[in-house]
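Engineer: sequence plus predicted model, see below.
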Amino acid sequence: MFFMNNCFAKAKYSLGDTPMDTTGISDIRIHNGVYDAFACSSGEVVDSSKLSEDWGRLYFKCLFNGNLDAGNIDFDVGDIQYLKIKRRRVRDTTWIDLWTILPNQTEYVDYENGLWNYTRMDYTVASNVEYEYGLTAVSGNSEGNSYSNSVLAEFVGLFLVGREGSDDIVNGTDLDVKITTKQNRPTNVVNTLNTRYPFVIHNSQNRYKSGTLSALYLSKGQGEEEFSTENTWARRADIEDFLSDGLPKIIKYEDGRIYLVAVSFSEITETEDGHREKVSVSFDWAEIGDANDGDDLYNAGLLDRV
Amino acid sequence: MASKPILTTIIPFDAREDYSFTFSWADGLPQKTKLVIKDNATNAVVYNQEDTTTCYQYKHVTPAGSLTNGYSYNAVISVYSKLANGTYIEDSVSDSIIFSCYSTPTFSFINLETDYTIQNGSFNAKCMYHQPEGEPLDKWWLTVYDISQTEEVFTFDERATGGLAQNFSSNFTGEFTTLEYKGEWDEALEYSFGDVVNYTLPHASNFVAIKDASAGVLPGNADIWTPVLVVNEVVAGLKSETQYYFRAQGLTKEQIPLDTGYIKVSCRYDPTIANSVVTLTNCPEIGAVQVNSAFKKFVPTASSTPIFIDDDELDLRTEGTYISFSDNLNIRQGFSLQIYVRALHQNKLICSWQDGDIMYYLHWRAANYEGSENLKYWAELTSSAEPSCFYMSDILDLEDPECQLYFYITKTNMSAYGHNHYVYNINISDTFVAPD
């Protein structure tokens, strides 16, 4: 049948109904050609212009790179006891163990179809740093191959990060951010009677940064880039609660600075700058560890010990 | 009657350097020695010197350049005692021994250097052996150590080379400036000969030969081919994120020891290149990185030994061959297939799948439409059920019928009013983002 110059029902069974599936598709075969890739996904592919990377929906993907491997690992999912996720700065040698993930902590495990899926957020990254994440599956007390990938962490503004799992883990703003820092190295100058110059004594190993941080926190408005000036006192109250909970925090800024800190003085002050809704929150802080060191992050409670 | 001194067996040495002839003598310490060396072929004396500098020592040192590499010699040593009047008296003369002089062989890795990063779990380590006078390599062995150099993580037994290099024996003694090559080779590699020459020399699976082609620089040697032996061994089981030391050693036929030394390399490979296991997303709005992993095991089966093209494509053009994806597969809902394929057989089956008792067949069709000179191409989907379903792709004009195509086939659930109904859709494109 021609309709608007198109062959509308092109062949004998064009208008026939698709037979109903009964027990499900169990075998797919390819023939008669030179195949570069072949993939099968559940439902439609989000971006059908390229080969799917969405392993949450892929049944299999075969790239025929000298082998027929169509999954993305070389061991049985059912054998995995747990996963170990670690992180390091690219070109660094030391890994930080981030998480151990057990099957009941994943978003989706389907042993029958050999699938394991999880998502985690790493809030302890600095800006402008390329990180490498490694994943190792542990089965029967032996570790499998380490799979790794890298990403450039980038963000704008200032973030205050608390312990994972807390209600308000991360507080970000890029408004009126002012960070002043100083390097501390406690010393004593001992003046003597019989020499022209005094002694300078470093009685402790202390060597840390401290400073003052001030920023304007507004609530998110309707639009992507918009802020709301209504009820900013509530937002500030949340921030002040967060800062005064006595727990270690991470301060990180867009230029790459990252500090593992404690709020070092009891006052968290609000300063009005010409308008009652333009109020900056400021507080003093002192470094209590290395934000790039796994042990320090564990000790501060910002990472669970793996 | 004093006993004879005995010259120590001489491993071939490089005549361009000083060499110390050592000996033993049972009757005390010599106060002077005299060494006479003759060309073993002509018996012409090439060295006849006394040495008092090594008084009271069992050695005689020949200065660099006294002999010539590539020749065999015989040598005898005389020992002297000093009389009260200051004159020397010859006590006795040794028996003669035969030895050869050879340039120091080159034995080095050609595809490894310090701090090299191996990007795979296995590595084909290749060593080049070269000795200008044609002294053949007799055997070699390779050891891979862990970072502490204490544990051997890989080794293979001494491997005899069969003296392949002997075929090009010569007495070339100069240094290379420009090189030519001959032999059968399969890829270009950068060869380095000391600090004299860097020359891109095709590499052979066993050996190539090189010669000095810098006419006028070394007259007389322009047509002399000297052997380069390339030996290789595949090292498997290397772990990613690990450092190793590679060391190859060997012996020439005349027992000259060879050693590449310890070469520190790193091994780092990314098994996720093929199928990403760890997906990372920068989330600037919350200053975090999202880490997602989803992985599964899936092993299809082949009807016969699969044929791969350049480790990048699977060749199923042979009639009757196929790959079956059925490992625990059970798709009950809508699904999509993505196929990147080229060189499809016209009017043949491309893809088939089984849904319960019903088979579905996707064929690649080519035909002339009436009034058209060129073939038109399309794909059509039918089923084994009666009546069969019929789906057809758009009709394509292809300049190259063997060009790579991208098939995107979807089965979508269009159920409504309690009536289950699925619809297939077939899209074909010859312009697309190629998979990795």
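Structural biologist: Everything's here; your move. Numbering: from 1, shown residues only, chains lettered A, B, ... in the order given.
Engineer: now the farthest one out in the chain, which residue is it?
Structural biologist: Let's take chain A. Going by C-alpha atoms, centre = their mean, the residue of chain A most distant from its centre is A:N194, 60.1 Å out.
Engineer: wait, I meant chain B there
Structural biologist: Outermost in chain B, C-alpha atoms, centre = their mean: B:N85 at 67.9 Å.
Engineer: what's the spacing between it and chain A?
Structural biologist: 74 Å (C-beta to the nearest C-beta, to the nearest Å). Using the backbone N, CA and C atoms, a C-beta is placed for each residue, glycine as well.
Engineer: pLDDT weak spots in the stretch 101-250 of chain A?
Structural biologist: Applying pLDDT under 70 to the stretch 101-250 of chain A picks out residues A:105-115, A:140-145, A:164-170, A:220-226.
Engineer: hang on, the earlier thing: quick one: secondary structure of the residue farthest from the centre of chain A?
Structural biologist: Of the three states, A:N194 takes coil under DSSP: H, G, I helix; E, B strand; the rest coil.
Engineer: how much space separates it from chain B?
Structural biologist: 54 Å.
Engineer: which SSE is the residue farthest from the centre of chain B in?
Structural biologist: Here B:N85 is covered by no helix or strand, with elements defined by DSSP states H and E.
Engineer: do the same with B:I89
Structural biologist: Using DSSP H and E, B:I89 falls in strand B:88-93.
Engineer: that strand - what's its average pLDDT?
Structural biologist: For strand B:88-93, the mean pLDDT works out to 85.
Engineer: pull up the pairing partners for that strand, direction included.
Structural biologist: When pairing is defined by DSSP bridges, strand B:88-93 lines up against strand B:72-82 (antiparallel).
Engineer: can you give me the buried ones in the strand it pairs with?
Structural biologist: Buried residues in strand B:72-82, defined by neighbour count with 16 or more other C-beta atoms under 10 Å in any protein chain shown: B:73, B:75-81.
Engineer: of all pairs in those residues, which one is the farthest apart?
Structural biologist: Largest separation among the buried residues of strand B:72-82 by C-beta to C-beta: B:Y73 and B:S81, giving 26.9 Å.
Engineer: quick one: the lengthiest helix in chain A to chain centroid distance?
Structural biologist: Scanning chain A for the longest helix, with DSSP state H as the assignment, gives helix A:232-243. Centroid separation for helix A:232-243 versus its chain: 24 Å, with C-alpha atoms, centre = their mean, to the nearest Å.
Engineer: what about it, near chain B?
Structural biologist: No. Between helix A:232-243 and chain B, judged by C-beta under 8 Å from any C-beta of the partner chain, nothing touches; the nearest distance is 14.7 Å.
Engineer: what's that helix packed up against?
Structural biologist: strand A:158-161, strand A:170-173, strand A:219-220, strand A:279-289 (3 or more C-beta pairs under 8 Å, 6 or more residues apart in numbering or on different chains; DSSP states H and E).
Engineer: and of those strands, who's closest to chain B?
Structural biologist: Chain B lies closest, by C-beta to the nearest C-beta, to one member of these: strand A:158-161, at 3.9 Å.
Engineer: so which residue is smack in the middle of chain A?
Structural biologist: Centre-nearest of chain A using C-alpha atoms, centre = their mean is A:D122, 2.8 Å out.
Engineer: what about the residue nearest to it when sequence neighbours are not counted? Give its phi and psi, please.
Structural biologist: In this structure, A:D122 finds its nearest non-sequential neighbour in B:V289, 4.6 Å apart by C-beta to C-beta, 6 or more residues apart in numbering or on different chains. Note on B:V289: its backbone torsions stand at phi -120, psi 130 [degrees, to the nearest 10].
Engineer: so B:V289 bridges to which residues?
Structural biologist: A:D122, B:N282.
Engineer: hang on, it packs against A:F155?
Structural biologist: No. Between B:V289 and A:F155 there is no contact under C-beta atoms under 8 Å: 9.9 Å.
Engineer: shared neighbours, these two?
Structural biologist: Common neighbours of B:V289 and A:F155 (criterion: C-beta atoms under 8 Å, 6 or more residues apart in numbering or on different chains): B:N282.
Engineer: distance check, A:C62 against chain B.
Structural biologist: A:C62 sits 7 Å away from chain B, going by C-beta to the nearest C-beta.
Engineer: equivalent analysis for A:R91, please.
Structural biologist: On the measure of C-beta to the nearest C-beta, A:R91 and chain B end up 11 Å apart.
Engineer: what residues does the stretch 101-250 of chain A put near chain B?
Structural biologist: So far as C-beta under 8 Å from any C-beta goes, the stretch 101-250 of chain A lies against chain B at A:108, A:112-123, A:125, A:127, A:131, A:133-135, A:145-156, A:159, A:161, A:170, A:172.
Engineer: give me the element the closest residue to chain B within the stretch 201-306 of chain A is part of.
Structural biologist: At 6.5 Å from chain B, A:K252 is the closest residue in the stretch 201-306 of chain A, using C-beta to the nearest C-beta. Using DSSP H and E, A:K252 maps to strand A:249-253.
Engineer: so B:S384 touches B:I358, yeah?
Structural biologist: Yes. Under the criterion of C-beta under 8 Å, B:S384 makes contact with B:I358 at 5.6 Å.
Engineer: neighbour-wise, which of the two wins?
Structural biologist: Using other C-beta atoms under 10 Å in any protein chain shown as the criterion, B:S384 and B:I358 rank with B:I358 on top: 18 against 14.
Engineer: correct me, but the more buried one touches B:E386?
Structural biologist: No. The criterion here is C-beta under 8 Å, and B:I358 misses it with B:E386 at 10.1 Å.
Engineer: what is the subsequent helix or strand relative to the strand holding A:K252?
Structural biologist: strand A:258-263.
Engineer: okay, the angle between that following strand and strand A:279-289?
Structural biologist: Counting by axes from the mean of the first three to the mean of the last three C-alpha atoms, to 10 degrees, strand A:258-263 points 110 degrees away from the direction of strand A:279-289.
Engineer: how about residues contacting whichever helix or strand comes after strand A:258-263?
Structural biologist: The helix or strand immediately downstream of strand A:258-263 is strand A:269-272, counting by DSSP H and E. Here strand A:269-272 makes contact (C-beta under 8 Å, 6+ apart) with A:214, A:236, A:278-283.
Engineer: farthest-apart pair in those, please.
Structural biologist: A:K278 and A:F283 (17.9 Å).
Engineer: comparing the two, which shows the higher neighbour count?
Structural biologist: Taking other C-beta under 10 Å, A:K278 and A:F283 do not tie; A:F283 has more neighbours (22 against 15).
Engineer: just give the nearest non-adjacent residue to the more buried one, would you?
Structural biologist: A:I268 (4.5 Å).
Engineer: pretty sure the one you found contacts A:E240?
Structural biologist: Yes. Counting by C-beta under 8 Å, A:E240 is a contact partner of A:I268 at 5.1 Å.
Engineer: now do the shared contacts for the two.
Structural biologist: In contact with both A:I268 and A:E240: A:V281, using C-beta under 8 Å, 6+ apart.
Engineer: A:S228 bridge partners, please.
Structural biologist: A:S228 has these beta-bridge partners by DSSP bridges: A:S219.
Engineer: what's the neighbour count on A:T180?
Structural biologist: What A:T180 shows, counting by other C-beta under 10 Å, is a neighbour count of 11.
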